[in-house]
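Q: Following is a predicted model, sequence given first.
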Amino acid sequence: MNEHAATESDREGVQTKAESLRTYFAVYAALMVLLVLTVAASFVDFAKWRLAHHNLGWLNISFAMIIAVIKSLLVVLFFMHLRHSSRLTWIFAGAAFLWLGILLTLTLNDYLTRRRPLYEDVPDKSGIRQPAQPEANGRAQVSFVPPRRRSRLSSGGHSCAARLGREQRLTIPARHAPAAAARCPPTAPAPAARPPPPAARST
Amino acid sequence: MTSIPYTPALAPPETYLNVSYRVRSWLLTADHKRIAILYMISITLFFFVGGAAAVLMRLELMTPQGDLVRAETYNKLFTIHGVMMVFFFLIPSIPAVLGNFLVPIMIGARDLAFPRLNLLSWYLYMIGGCFALGAMILGGVDTGWTFYTPYSSSFSNTNVALTIVAIFINGFSSILTGLNFIVTIHKMRAPGMYWSRLPLFIWSHYATSLIFVLATPVLAITLVLVAVERLLRVGIFDPALGGDPILFQHLFWFYSHPAVYIMILPAMGVVSEIVPCFAHKRIFGYGMIAFASLAIAVLGFLVWGHHMFVSGQSIYGGMIFSILSFLVSIPSAIKVFNWTATLYKGSVDLRTPMLYALGFIGLFTLGGLTGLIVATLAIDVHVHDTYFVVAHFHYIMVGGAVMAYLGGIHFWWPKITGRMYPEWWGRFSAFLIFVGFNLTFFPQFILGYLGMPRRYYAYAAEFQVLNVMSTAGASILGLGYLLPLCYLIWSLFYGKIAPINPWGAAGLEWQTSSPPPTDNFDQTPVVVDEAYAYDKIEVPSA
Amino acid sequence: MPDDAAVAGEVARGDDSALTPQQRRAQSRPASAHLVAPRHHRPHVKHQFDTLAQQHEADTLGMWAFLATEVLFFGGMILCYTVYRGVYFKEWHNGSRILDEFEFLGISAGAWNTAVLLTSSLTVALAVRAAQLGRREQLIGLLLATMALGAAFLLIKAMEYRNDYHEGLVPGWPFHPDPRLLEPGVRMRPFELFWSFYFVMTAVHALHMLIGLGLFTYLIVQAWRGKLTREHHMPVEIIGLYWHFVDLVWIFLFPLLYLVR
C-alpha cells in the first residue's frame, strides 16, 4: 500500500496531487505527538521560573503558538497538498497570513504604545457579584463603579452619567452629542459625591 | 417589385441581449454580461435612494436653523446616504457593472470562472439591499455609516441590527465578485494575453479584487461582533461591559479605508482606458500605472489609523499612520502624471467619456491633495469631523469614482447596448455635473476650514452663504445625474445603431460585435499586441 | 443617409459598400488580436473553460482565495483576542483555567476535540486520495467517518456549552459564576469578556463545522450516484480544503482559548 499517486495523470494531463499513504499516517502521528506536547507544556508554569530575575511566563504562549504553527504547517503542506501546489497557491496562502500580520501589527502598534493600557485604572469595586442576589433581567442591577479619573477610552466625549448621577457610565462620542443631549435631559445638579470627570488632560 | 427572399444573414446577429427575452432568462442567467445589466439597474436604484437623502440634507442645510427635518431625522438621512452610497452604490458600481461586463471580454474569455457564483453575488447584493431598504422604511438608522460602538451596539434605538445584516450579506457579494475576478484574471486569459499586455482596467480590477477578498471579511466579522453585543448584550466593544470601542474602530477602518480604494481603483482603470483612446496615443508609463494599482491596494491596508487621529489611539500610533498615509500619494501621483503625459502631444478628442475622464483627473487631484492635508496629524486635529473632510472624500468619491463610472458607462455604452448615446446631451450633462459638483463641494472645504462640524442639522448663521452655494450646486448636480438616466434610456430605443468600434479603440473588447454574443467571441482570440497600440492602429482608407 | 437597420443588415452580410468612411473606420477591428483559434468543446469541461486542467486550477485557486478571506474573517476575532488578552491577562488566564478543567478521562474537552478534528483531517485527506484514484466505496466510507468525527466534535462542544451554562458562565444569560471559581483580584467585566470571546469564536467555528457537514452530505450523495469519478473529483478536493481549514482554525483556537498561561 505504498503506491505513489503523485505521478499519475489522467487523460487530459491533470496532475493528481495525492501523497502516499505512509506520508499521511506519518503526518497524522506527528500531529498527535505535537498535541500531546502542547498539552504537556501547558502544565508547566513557566511564570514560576526565573532566569536572572526575568519572568519566563512568555515561554508558555510561545511554546503553544510555535506548536500550533508547526501543526498548521503540517496540515497545510501535506493534507492540503500545498507542497505540490503551484507558486500562485503559495502566494495566496502566504498573503492571507501576511495580511493578518498587518492587521495585528498596526493595531498592536497602537495598544502597546498607549501611555496606560486599557482599563488599568478601573476599580471594579463591586468585585464578585453575589450569586444569591436575584436578578430580574441580567445586567440591569449590576453595579459597575465608573472610574474617578477619565479613562483614555472616553476621551472626547460627553459623560451624561455625571448628570444623571447613575452608576453606569455612559460615554457618548462627541459626534452624537445632540442625540446624547436628547437622551439625557438636564436634571438637577449632580450630587457632590460624584463630580463630573475632569478633563482628559488631568491624567 | 420583386420580393427579396428571406435569408438568415439578414436577420440581426445573435447577441447576449436578444438570445432570449423571457424574464427567467434574465433572473437565472449565468452570463456575466446580463448580470452586469442586472447590477446596473439595481445600483442605479440605490444611487437615487442615496441621492434623495442627500437632497433632503442639502435642503435642510440651506438655513442655519433646523427647520425642514428634526435632528433625529437628519441623523437618519446622513446614515441612509452613507450606507446606500458606500455599500450599495460606490463599492459595487464600477467592478460589478463595468468590471463584470468587461473583465472576461477584455482578456478574451467566454465568461468569468464561476458564472453561477457571479449570479449568486447579485442575489446576495439584492437581498442585502432589500434589508437596507427595509431598515430605512421601518424607521431608519442614526449611527452614521460607520456604526461606531458603543452608540451602535448599546444606545441607538434604531434599526441597527437590520442594517448590519444588510451590509454583512452585501459583503459576501463583494467577496464573491472579487474572488471571481482574481481567478478569472489568473486562469482564463486568452492565448497571448500575457500579464504585460493586460489592459490597465484589468490591472486595477485585480488590485480591487485583492482588497475585496482580504478586507471585506474583517468588516463582516466586526459587524457580527457588533450585532452580538447589541442583540445578546454580551461585552465586546462597549466600555461599560469591559470592552474597548477603539478596537472596533481599528477593525472597521481596516476594511473601510481599503474600501475607499475599492471605489477609486476601478475608476482609475476606466480613466486609463478612456484617456489613450481619445488622445489617440499609447498610454504613457503602462508598467508604472499597473504597478501603482497594486501599490495602492497594498499601501491602502497600512493607513487606516488616519481616521482615528483624535479617537484616543496612541500618539505614536497616529504618527506611524500619518507617515504611512503620505506614502499612498506616491502611486496616486504616478497615475495622474502618466495620464497627463498621455495627453501630451496627443490629438485629444473631447467626446463625452473624455470629458468625464478629464474631470476625473482634475477632481481626483484636488481630492488627493486635500487628502495630504487631512493625513497630517497636526492639521487633522483641526479639521477632523468638519466639512473639510466631507469635501475631501466627496472629491475622491463623487468627483473621482462617480465621474469615472459615468465616463465608463458612456465609453462602453455602444458595446453594452449596441446603441449610441446622444453626444450633445452627453457633453452637456458632463459639463453640468462638473460645474454642479464643484459648486457643491468646494464651498465645503472653506466651511470645514472655518470650523463647521459635519453631521449636524443646524449651524452658526455666518456659514449660511457658503451653505446656500453648496445647496445650489447640489441641485445642478442632481439635474446632471438625472439627464444621463433619461437620455441613456432614450438611446436604448432611439439611439443610432452602434458599430463594432465607434471610438477606433485598440482594446480587445472592441473586436467583438456590439453588443457581443453570449460567448463573447466567435473564436478564441489570439492576442498579438497590447491594448494600447494606438500608434499601430490602421485606419482603413475609404 | 441609409437607415440604421439596413446598415446593420449590410454589416451582417459583410458588405460594407453602403458605409461612409467614418462608419467604415468604426467597423474596423483593432489589430491587437486575431480571431483565429477554433473553439472546441470537451464533455467534462464547463463551457467557460478550455481544458479540464484549466478548470481544476481555477477551482483550486478559487478555494484558496476563499480560504484567504476566511483567515481574515477569523483574524478580526483573533485581533480582539490578542488585545484583550494582553490587557486583561489575569482574568483571561482564570477563564482559560476554568475552561480547561472540563474533562473526560483526565483529558480536557478541548484536547479531545483537537484530537478528533485532527483525525477527521486525516480521513478527509484519505477521502481526497480515494476520489483521485476513483475508489467509490472507499470514498463514501471515509466521508462518513469524517462526518462522524465532525459530529463527535460538535457533541463534545455542546457538552462543554451545557456545562458552561450550568456554571453560569454564559455572558448576558445572565452571567453569574460561582465566586469560588475566581482567583483573587480578578475583575468581573474582563472575566466576562473572556467568555464572550470564547463563545463567539467557538460558535463561529462550530458554524463552519456545520456548513462542512452539509457539504459532506452533498458529496456522499454525489458519490453514491456515481457522479464523482477520477476525472470529476474536484468537489472532494475543494471541500476537503475547506475542512482542513476548519481544522486549522481549531489548531489555533485550542491553545488560544484553553491554554492561556
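A: Ah, there it is.
Q: For B:Phe284, which non-adjacent residue is closest in space?
A: Leaving aside its sequence neighbours, B:Phe284 sits nearest to B:Ala341 (CB to CB, 6 or more residues apart in numbering or on different chains; 3.9 Å). Glycine gets a C-beta too; all of them are placed from N, C-alpha and C.
Q: in what helix or strand does the one you found lie?
A: Following DSSP states H and E, one finds B:Ala341 within helix B:315-343.
Q: Can you name the element that comes right after that helix?
A: Criterion used, DSSP H and E; the element after helix B:315-343 is helix B:352-375.
Q: give the contact list for the residue in chain A that chain B sits nearest to.
A: Of all residues in chain A, A:Asp110 sits closest to chain B, at 3.5 Å by CB to the nearest CB. Going by CB atoms under 8 Å, 6 or more residues apart in numbering or on different chains, A:Asp110 touches B:Ile246, B:His250, B:Gly305, B:Gln313, B:Ser314, B:Gly317.
Q: now those in a markdown table, with distance to chain A and pLDDT?
A: Formatted as a markdown table, these follow (distance: CB to the nearest CB, whole Å; pLDDT from 0 to 100):
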| residue | distance to chain A | pLDDT |
| --- | --- | --- |
| B:Ile246 | 7 | 91 |
| B:His250 | 5 | 93 |
| B:Gly305 | 7 | 92 |
| B:Gln313 | 4 | 88 |
| B:Ser314 | 4 | 88 |
| B:Gly317 | 4 | 91 |
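Q: Look at the residue of chain A closest to chain B and tell me its secondary structure.
A: helix (DSSP: H, G, I helix; E, B strand; the rest coil).
Q: ok, back up a step: could you dump the contacts of A:Asp110 to a markdown table with distance to B:Tyr21 and neighbour count?
A: Formatted as a markdown table, these follow (distance: CB to CB, whole Å; neighbours: other CB atoms under 10 Å in any protein chain shown):
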| residue | distance to B:Tyr21 | neighbour count |
| --- | --- | --- |
| B:Ile246 | 55 | 27 |
| B:His250 | 51 | 28 |
| B:Gly305 | 52 | 27 |
| B:Gln313 | 57 | 23 |
| B:Ser314 | 61 | 18 |
| B:Gly317 | 58 | 23 |
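Q: Just the closest of these to chain C, please.
A: Here the nearest of the contacts of A:Asp110 to chain C, counting by CB to the nearest CB, is B:His250; it sits at 7.4 Å.
Q: how many neighbours does the closest residue to the closest one other than its chain neighbours have?
A: Leaving out its chain neighbours, the residue that sits closest to B:His250 by CB to CB, 6+ apart is A:Thr107, at 4.7 Å. A:Thr107 has 24 neighbours, counted by other CB atoms under 10 Å in any protein chain shown.
Q: which residues sit in contact with A:Thr107?
A: Counting by CB under 8 Å, 6+ apart, A:Thr107 has contacts B:Leu247, B:His250, B:Phe254, C:Leu79, C:Val83.
Q: Would you confirm that the third one contacts B:Trp304?
A: Yes - checked against CB atoms under 8 Å, the pair B:Phe254 and B:Trp304 is within contact range at 5.2 Å.
Q: Show me the common contact partners of the two, please.
A: Counting by CB under 8 Å, 6+ apart, nothing touches both B:Phe254 and B:Trp304.
Q: Am I right that C:Met159 is in contact with C:Gly110?
A: No - counting by CB under 8 Å, C:Met159 does not reach C:Gly110; the two are 11.9 Å apart.
Q: quick one on the thing from earlier: just say helix, strand or coil for the residue nearest to B:His250.
A: Here A:Thr107 takes the helix state, with states given by three-state DSSP.
Q: Report pLDDT for it.
A: On the pLDDT scale, A:Thr107 is placed at 92.
Q: Also B:Phe212?
A: pLDDT, B:Phe212: 94.
Q: Looking at the contacts of A:Asp110, which one is closest to B:Pro266?
A: Comparing these against B:Pro266 with CB to CB places B:Gly305 closest, at 25.0 Å.
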